[in-house]
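**Student:** I'll drop the sequence and a predicted model, then ask my questions.
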Amino acid sequence: MQPYFFPYLGYFSLIRHTNKFILFDTVQFIKHGWIERNRILKPNFGWQYIGVPLVKHSRDTKINDIAINDNFDWRDKILRQLEHYKKRAPFYRQTIELVREALNIETQSIVKLNENILKVVCNSMNIDLDVEIFSEMDLSINNPNEPDEWALNICKSIGNIEEYWNPEGGLKFFNCKKYEEEGIKINFLKMNLWKYSQRRKEFETGLSIIDVMMFNEINEINKMLDDYELL
């Protein structure tokens, strides 16, 4: 998976139910995706983005070359955007401390920041995380002919891979026959996203893990992560 910023539940469900998780960072960065931002509640209704400012870059810049713009205190801005949760979220204090810890890394690399976020969040939820950054793995892989072959060629290079898991969106993207011919079973994880109390009338689904942790105990979150189907 590409390295996402405080991603939603489905991302962590993939981590929880796989043995190795690779942050794929050598492809083109897509602006305004999930790498530098995610969604939380707005104070009264709807949702808003929290995110990390980036140094200006060319259109074809790879993810691992994207740098964070530290010309102003973006960490403090994120924490201030989360302050409104204090009025209604039962786990506000614990979650704010977790966010502080996750952001407390001296780096200009968006990949390293997001790796640290995953480590901190997974540790808080007692999820075993075996994560590596693709650009640092020094793997020798065949050049893919099509985009769905990146994961296949990585699996082949690592060796002894029996299964590869991807979010359900990959059903439209991956040619499963290619994987089957290499003896690799490919599964697509579909999360059954739960509604939980956000202490407001309208429920906003698919928000950052921050929102989930604001309103739910760790044991309850892990139950959510276990509610999935393989397609």
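**Tutor:** Received it, and whenever you're ready, just let me know what you need.

**Student:** rest of the way, CA atoms for contacts and neighbours
**Tutor:** Fine.

**Student:** Can you give me the buried ones in the lengthiest helix in the chain?
**Tutor:** Longest helix in the chain by number of residues, with DSSP state H as the criterion: helix 110-124. Residues of helix 110-124 classed as buried: 110-122 (neighbour count, 16 or more other CA atoms under 10 Å).

**Student:** Can you name the residues in contact with whichever strand or helix holds residue 153?
**Tutor:** When elements are assigned from DSSP states H and E, residue 153 belongs to helix 149-158. Outside of helix 149-158, the residues within contact range by CA atoms under 8 Å, 6 or more residues apart in numbering are 139, 140, 141, 142, 143, 144, 161, 164, 179.

**Student:** With residue 175 as the reference, measure out to whatever residue is furthest in space from the centre of the chain.
**Tutor:** Summary for the chain: using CA atoms, centre = their mean, the residue whose C-alpha lies farthest from the chain's mean C-alpha position is residue 181, with a distance of 29.4 Å. Computed with CA to CA, to the nearest Å, the distance linking residue 181 and residue 175 is 11 Å.

**Student:** thinking again about what came up before, among the buried residues of helix 110-124, which pair sits farthest apart?
**Tutor:** 110 and 122 (18.2 Å; CA to CA).

**Student:** Grab the longest strand from the chain for me.
**Tutor:** For the chain, the strand with the greatest residue count under DSSP state E is strand 185-191.

**Student:** Distance of the nearest residue to residue 161 once chain neighbours are set aside relative to residue 22?
**Tutor:** By the measure of CA to CA, 6 or more residues apart in numbering, the closest residue to residue 161 outside its immediate chain neighbours is residue 155, 6.0 Å from it. For residue 155, the distance to residue 22 equals 10 Å [CA to CA].
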